[in-house]
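> pasted the sequence and its predicted model underneath.
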Amino acid sequence: MTHADISRLGYSDPKGGSQLRTPLQRLRKLTTFKPIALIPFFAFVGLFLVWPAISLFRLAIQPTKNSNISAMREAITGQYLESFIYTIKLSLLTAILGVLLGSLLAASVLRIERPKWFRNFMTSFAGVAANLGGIPLAFAFIAALGTQGLVTKMIDYFGINLLDAGFRISNFAGITIVYLYFQIPLMFLIMVPAFDGLRTSWSEAAASLGAAPRQYWRYVGLPLLTPALLGGFLLLFSNAFSAYATAYALSSGGARLVPVQIRFYLQGNTITGKDNLGYALAAWMIIIMLVSMTGYLLVRRRAEKWQQ
């Protein structure tokens, strides 16, 4: 075999005394990380995320016409501040309820050993439900709990009138119920691996030392689950805070949520001289989302340390 044949096969020079390279070693050499591979990623991020965000903030800090204060400052006053408070209240409530109910659901499902397919079924259903939002979900709840909804009529048959009680699918309580449809499954998916991380030997060791189940959960189980609970809460808060299509379809655009208000302003439905208020609302929303997601990433990093 000539030196040319050896080179084509990817082997090193026999005279050099080095070992022959196998095809697997050649593949590893070809797939070795190179910084140039990140150029498309950074180009995409810069073009479609960073540059639009910079342009958004540049427009948001400009003062509105007939006013000396910037749009960013005006966006947290008056009715705009009320929209932020309304959105934050809704996000906090659905996040808290989602954490509690999702965690209880995950703990209950994991305790059911038979039938064996039940856990896989619940996990698959949660994966679908957690991502089923927007207009289809809104129309499904309107058909069920709307003014002429099936469930509304069934409850009215037993003498309970939801409309007389003040319930509307488009008000705070109605949107909360709809949001819980995808918040609870999302928390379920977060807590199933967290509960799986609690080893049976830990509870058995605690019991052998005379610890009651309540003491085990207080001093062992709950501290280990805390990072997952906090991370899930922040993720659910961000998920509800940024939701748009579901609330818009439920209220026909009348909800006082910030995402709906942003759409209202960006379509040109603004007071003369306040064209950049929509950009300011979006900028504040980005800031709140960044704070929330940063907290989530920090908690997640702490959770990974616990798992190690």
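On my side now, so go ahead.
> my guess is Ser170 contacts Tyr248, does it?
No - with contact defined as Cβ atoms under 8 Å, Ser170 does not reach Tyr248; the gap is 10.3 Å. Backbone N, C-alpha and C define where each C-beta goes, glycine included.
> mutual contacts of those two, please.
Residues touching both Ser170 and Tyr248 (Cβ atoms under 8 Å, 6 or more residues apart in numbering): Ala255.
> quick one: the helices in the stretch 51-200 of the chain?
Shown for the stretch 51-200 of the chain, the helices assigned by DSSP state H, counting those that start in this stretch span residues 51-60, 71-74, 78-111, 117-130, 135-145, 150-157, 172-196, 200-208.
> reformat these as TSV; add mean pLDDT, mean neighbour count and distance to Thr294.
As requested, the helices of the stretch 51-200 of the chain are exported to TSV (pLDDT from 0 to 100; neighbours: other Cβ atoms under 10 Å; distance: least, Cβ to Cβ, whole Å):
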stretch	mean pLDDT	mean neighbour count	distance to Thr294
helix 51-60	85	14	15
helix 71-74	82	20	20
helix 78-111	92	17	16
helix 117-130	90	14	22
helix 135-145	89	16	29
helix 150-157	87	13	40
helix 172-196	92	21	18
helix 200-208	84	12	31
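> between the ones you listed, which gets nearest to Arg302?
For Arg302, the closest of those is helix 172-196, at 12.7 Å, according to Cβ to Cβ.
> now the angle from the closest one to helix 78-111?
40 degrees (axes from the mean of the first three to the mean of the last three Cα atoms, to 10 degrees).
> between the helices of the stretch 51-200 of the chain, which one is nearest to Ala243?
Closest among the helices of the stretch 51-200 of the chain, using Cβ to Cβ: helix 172-196, at 6.8 Å.
> and the closest one with helix 135-145, angle?
120 degrees.
> please name every helix or strand in contact with helix 172-196.
Packing partners of helix 172-196 (3 or more Cβ pairs under 8 Å, 6 or more residues apart in numbering; DSSP states H and E): helix 78-111, helix 117-130, helix 135-145, helix 222-241, helix 245-251.
> JSON lines for those, including distance to Thr200?
Formatted as JSON lines, these follow (distance: least, Cβ to Cβ, whole Å):
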{"stretch": "helix 78-111", "distance to Thr200": "12"}
{"stretch": "helix 117-130", "distance to Thr200": "16"}
{"stretch": "helix 135-145", "distance to Thr200": "38"}
{"stretch": "helix 222-241", "distance to Thr200": "13"}
{"stretch": "helix 245-251", "distance to Thr200": "40"}
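> so for Gly278, which of those sits nearest?
Nearest to Gly278, of these and by Cβ to Cβ, is helix 78-111 at 10.5 Å.
> how far does the closest one sit from its chain's centre?
12 Å (Cα atoms, centre = their mean, to the nearest Å).
> the inter-axis angle of that helix versus helix 222-241?
Relative orientation of helix 78-111 versus helix 222-241 (the same axes, to 10 degrees): 140 degrees.
> helices or strands up against helix 78-111?
The contact analysis (3+ Cβ pairs under 8 Å, 6+ apart) places helix 78-111 against helix 117-130, helix 172-196, helix 222-241, helix 258-266, helix 277-307.
> got the buried residues for the fourth one?
For helix 258-266, the buried set under the neighbour-count rule, 16 or more other Cβ atoms under 10 Å, comprises 258-265.
> what's in contact with it?
If you take Cβ under 8 Å, 6+ apart as the criterion, helix 258-266 is touched by 80, 83-84, 87, 241-244, 247-248, 251, 253-254, 277-278, 281-282, 284-285.
> chain center to that helix, what's the gap?
20 Å.
> kindly format the C-alpha coordinates of it as PDB.
These are the backbone C-alpha positions of helix 258-266, laid out as PDB (Å, rounded to 0.1, in the frame of the first residue of the first chain):
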ATOM      1  CA  VAL A 258     -51.200  44.300  28.400                       C
ATOM      2  CA  PRO A 259     -50.600  42.100  25.300                       C
ATOM      3  CA  VAL A 260     -54.100  42.900  24.100                       C
ATOM      4  CA  GLN A 261     -53.500  46.600  24.700                       C
ATOM      5  CA  ILE A 262     -50.200  46.500  22.800                       C
ATOM      6  CA  ARG A 263     -52.000  45.000  19.800                       C
ATOM      7  CA  PHE A 264     -54.700  47.700  20.100                       C
ATOM      8  CA  TYR A 265     -52.000  50.500  20.000                       C
ATOM      9  CA  LEU A 266     -49.800  49.000  17.300                       C
END
